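Asks: just the structure for this:
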Amino acid sequence: MPYQGLSLVRCSRRFAFGVLVLGLLAARHSSALAQVDWQFARSSAVGGIAVNAEGVLSNASVDDTGRLARLMKKTLHPAPSDLAQPTHMRMVSLRRLEEAIATSIEKGEPLADEMRYLAGLQEITHVFVDRESRDIILAGPAEGWRVDAKGAVVGVETGRPVMLLDDLLVALRTARPAMTEVISCSIDPTPEGLNRLREYTEGLGVVANRRKAMASFKELLGPQKITVTVVPDTSHFARVMIAADYRMKRLGMNLDRSPVKGLTSYLQMLKASGAGVNDMFPRWWLEPRYESVMRSPDGLAWELHGASVKTMTEADFFDAAGQREQSVEANPVAKAWADNFTEKYDELAMVDPVFGQLRNCMQLAIVAALIVKEDLAGKAGYSLPTLLDPTDVEIEKLPAPKQVDSVVSSLKVNRNDWLVSTSGGVSINSYAALRQVKDNASLAAVREKATGKESATWWWN
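Replies: Numbers count the residues shown, from 1 in each chain. Have a look, this model is predicted:
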């Protein structure tokens, strides 16, 4: 059964395609059941989280995660031998990729795995404009792929998640809206829940029963709201942001065991410090960072160096109505935890693929912003018609996460019990990463070498 993420349709053929499916349904009952099984697994375990029909988010069960991995292994085709070879620089021609996609559409064929997984790209370190071929070329390290135990498609040798065409489509199609609004997700308590909690804590003395107090706090806070901006909340891109945010919070609140040595929870650090808690709602969020962004003097070659993810923090304070009144500098322990999470992020991304997928999504958003900000399409004389047109290639649609149950953790410091929850999210200011750019004349030669090679395919090493 082929992968069902990207739908290939022409508007004029949408009805005919539906008739064809209905005509084959009776003869392919087992395939239809496999399709249902596939869709269930995708909606129940992508990014290690589950989202039900009502949009309620929770941890994916071990069974659902394993089910997704088994289905992925059945449907994923190994990379051809020439693609399986690891390389530090694989070029992907967007123009030729579009032509390959158009050919699949015309033939009514599903996209090949090498298209869906962008020829095994795991990072985009360079972007080139090829005026002669009227093309934009993405380049970076790549290798063959496999399915890991959590159902993520990762490199055979490095284990790093590969980039997805689906995420690239979302990034390209939302690049212009992202000029005026930051791509983000957040998981936050509601004003009503905060107001109920405030009224309760005003009359609360010493916590005599920690378990009972935690249950009361969770009930009073109620479900937390999940908000997504710019990108569709049903997209795989959005699911990755939300899943990474959710997993970060659970690690911080000591609800999940850390898979990385030295990545202790916020509560463990707080207890070790012996400090009290001056804010019940530390706020953490993830954002992209680059060591440097460089360009050739003619603006036709770009290098994005040292891509990673940074954890930021502040403390939230709320007014009597439960509205966020102000956000101030976080306590030193919350800051130390954020810094440690940043330091351990790349190591964490190797064992929990959703963090590597988030880094990939951030890179794709920044590359899309670069194409718009520097008018690389105009310089190439090429408008990306198929990649930008949602009627040609539809993005994958997953259930949209809307809310998640509040979680509260407790710890004892200096004989006092403290109850702590958290908020925050992911913030991708894709254009901010491009504000400081340095000229590098040597990039012109890199571009010449990358674009000058003759290739019969849409990718080459």
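
Asks: residues in contact with the residue lying closest to Thr158 once chain neighbours are set aside?
Replies: Of all residues not flanking Thr158 in the chain, Glu143 sits nearest, at 6.5 Å (Cβ to Cβ, 6 or more residues apart in numbering). From N, CA and C alone the C-beta is placed, and that goes for glycine too. Counting by Cβ atoms under 8 Å, 6 or more residues apart in numbering, Glu143 touches Ala79, Ala84, Gln85, Pro86, Thr87, Gly120, Gln122, Gly155, Val156, Glu157, Thr158.

Asks: show me which of those are buried.
Replies: Ala79, Ala84, Pro86, Thr87, Gly120, Gln122, Gly155 (16 or more other Cβ atoms under 10 Å).

Asks: tell me the phi and psi of the fifth one?
Replies: It refers to Gly120. phi 80, psi 10 (degrees, to the nearest 10).

Asks: excluding sequence neighbours, find me the nearest residue to it.
Replies: Per Cβ to Cβ, 6+ apart, closest to Gly120 is Ala142, 4.1 Å.

Asks: let's see the pLDDT reported for the one you found.
Replies: pLDDT recorded at Ala142 is 98.

Asks: any idea how far it is from Met89?
Replies: To Met89, Ala142 is 8 Å away according to Cβ to Cβ, to the nearest Å.

Asks: just Pro191 next, same as before
Replies: Taking Cβ to Cβ, one finds Pro191 at 50 Å from Met89.

Asks: let me see the ranges of the helices in the stretch 301-450 of the chain.
Replies: 332-351, 353-373, 376-380, 385-388, 443-451 (DSSP state H, counting those that start in this stretch).

Asks: work out the gap between the longest one and the centre of the chain.
Replies: I take that to be helix 353-373. 8 Å (Cα atoms, centre = their mean, to the nearest Å).

Asks: which residues does Ile183 bridge with?
Replies: When bridges are called by DSSP bridges, Ile183 pairs up with Ile428.

Asks: just Gly155 next, same as before
Replies: Judged by DSSP bridges, the bridge partners of Gly155 are Trp145.

Asks: hmm, it is touching Met163, no?
Replies: No - with contact defined as Cβ atoms under 8 Å, Gly155 does not reach Met163; the gap is 10.8 Å.

Asks: stretch 177-195: which residues count as buried?
Replies: Ala178, Ile183, Ser184, Cys185, Ser186, Ile187, Asp188, Pro189, Thr190, Gly193, Leu194, Asn195.

Asks: can you lay out these as a markdown table showing distance to Leu169, secondary structure and pLDDT?
Replies: Compiled in a markdown table, these are given as follows (distance: Cβ to Cβ, whole Å; DSSP: H, G, I helix; E, B strand; the rest coil; pLDDT from 0 to 100):
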| residue | distance to Leu169 | secondary structure | pLDDT |
| --- | --- | --- | --- |
| Ala178 | 14 | helix | 97 |
| Ile183 | 14 | strand | 97 |
| Ser184 | 19 | strand | 96 |
| Cys185 | 18 | strand | 96 |
| Ser186 | 24 | strand | 93 |
| Ile187 | 25 | strand | 90 |
| Asp188 | 28 | strand | 87 |
| Pro189 | 33 | coil | 86 |
| Thr190 | 33 | coil | 88 |
| Gly193 | 36 | helix | 87 |
| Leu194 | 37 | helix | 82 |
| Asn195 | 41 | helix | 85 |
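
Asks: a strand runs through Leu57, doesn't it?
Replies: Yes - per DSSP: H, G, I helix; E, B strand; the rest coil, Leu57 lies within a strand segment.

Asks: any idea how far Thr313 is from it?
Replies: Taking Cβ to Cβ, one finds Leu57 at 22 Å from Thr313.

Asks: just Gln85 next, same as before
Replies: 42 Å.

Asks: next: Phe341.
Replies: 9 Å.

Asks: assign His88 to helix, strand or coil.
Replies: strand.

Asks: for it, give its distance to Arg289.
Replies: The value you get for His88 to Arg289, if Cβ to Cβ is used, is 22 Å.

Asks: check Glu303 too.
Replies: 15 Å.

Asks: of the two, who's got more company?
Replies: With neighbours defined as other Cβ atoms under 10 Å, Glu303 and Arg289 compare such that Glu303 has more, 21 against 14.

Asks: now the helices of the stretch 301-450 of the chain as CSV including distance to Gly108 and mean neighbour count?
Replies: Formatted as CSV, the helices of the stretch 301-450 of the chain follow (distance: least, Cβ to Cβ, whole Å; neighbours: other Cβ atoms under 10 Å):
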stretch, distance to Gly108, mean neighbour count
helix 332-351, 37, 19
helix 353-373, 28, 25
helix 376-380, 29, 18
helix 385-388, 16, 16
helix 443-451, 33, 17
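
Asks: any chance of the ones you listed in TSV, with distance to Phe237 and mean pLDDT too?
Replies: Output for the helices of the stretch 301-450 of the chain, formatted as TSV (distance: least, Cβ to Cβ, whole Å; pLDDT from 0 to 100):
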stretch	distance to Phe237	mean pLDDT
helix 332-351	17	94
helix 353-373	5	98
helix 376-380	21	97
helix 385-388	15	94
helix 443-451	27	94
